[in-house]
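Novice: take a look and give me a structure for this.
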Amino acid sequence: MVKATWHGVVLAESDSCQFIEGNHYFPPGSLTTAYFKPSSTQSECPWKGIASYYNIVVDGEVNIDAAWHYPKTTTEQARPFEGYVAFWKGVEISSDE
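Specialist: Residues are numbered from 1 along each chain as shown. Sure thing, here's the model as predicted:
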C-alpha cells in the first residue's frame, strides 16, 4: 500500500499506483477529495499531454500546485494512468512494502 500525506493527513492511499518517471500516480478513487482544490496552473509533457494541478488545503494551510494529473493523455503509452494524481512540494510518499 502506498500513501501520500501532508501535515499528518492522508491525501491518497492505494495498492494500485502507477510508478512513472520517479513519481507515484494514485488512482482518482484513492484520493481524499476534501483536501483538493482545483488550480488554474497547467504544464505540458510531450508524451503525457497537458497536466492540470490541485492546491492541497489542510487545516487552512495551502500547498499550491502540490498535486497534478493528466485528465486526457495524448499517447497510448500514457493511457494507463490517465486521470491518476501525483504529488510533490513536501507531500510525503510512503509504502508498506
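Novice: for the rest of this, base every contact and every neighbour count on C-alpha atoms.
Specialist: Noted.
Novice: got the contact list for residue 53?
Specialist: 38, 39, 40, 41, 42, 65, 66, 67, 68, 69 (C-alpha atoms under 8 Å, 6 or more residues apart in numbering).
Novice: tell me the spacing between it and residue 39.
Specialist: Note on residue 53: its distance to residue 39, by C-alpha to C-alpha, to the nearest Å, is 5 Å.
Novice: which residues do the two both contact?
Specialist: Common neighbours of residue 53 and residue 39 (C-alpha under 8 Å, 6+ apart) are residue 65.
Novice: low-confidence ranges in the protein?
Specialist: 97 (pLDDT under 70).
Novice: now for the contacts of residue 53, which sits with the most neighbours around it?
Specialist: When neighbours are counted by other C-alpha atoms under 10 Å, residue 69 leads those with 25 neighbours.
Novice: count the residues that sit near the nearest residue to that one once chain neighbours are set aside.
Specialist: Sequence neighbours aside, residue 85 is the residue nearest to residue 69 in space, at 4.6 Å (criterion: C-alpha to C-alpha, 6 or more residues apart in numbering). Residues within reach of residue 85, counting by other C-alpha under 10 Å, total 27.
Novice: before we move on, what about the one 4 residues further on?
Specialist: Other residues within reach of residue 89, judged by other C-alpha under 10 Å, total 11.
Novice: go on, residue 87?
Specialist: 24.
Novice: what's the answer for residue 74, then?
Specialist: Residues near residue 74, counting by other C-alpha under 10 Å, number 16.
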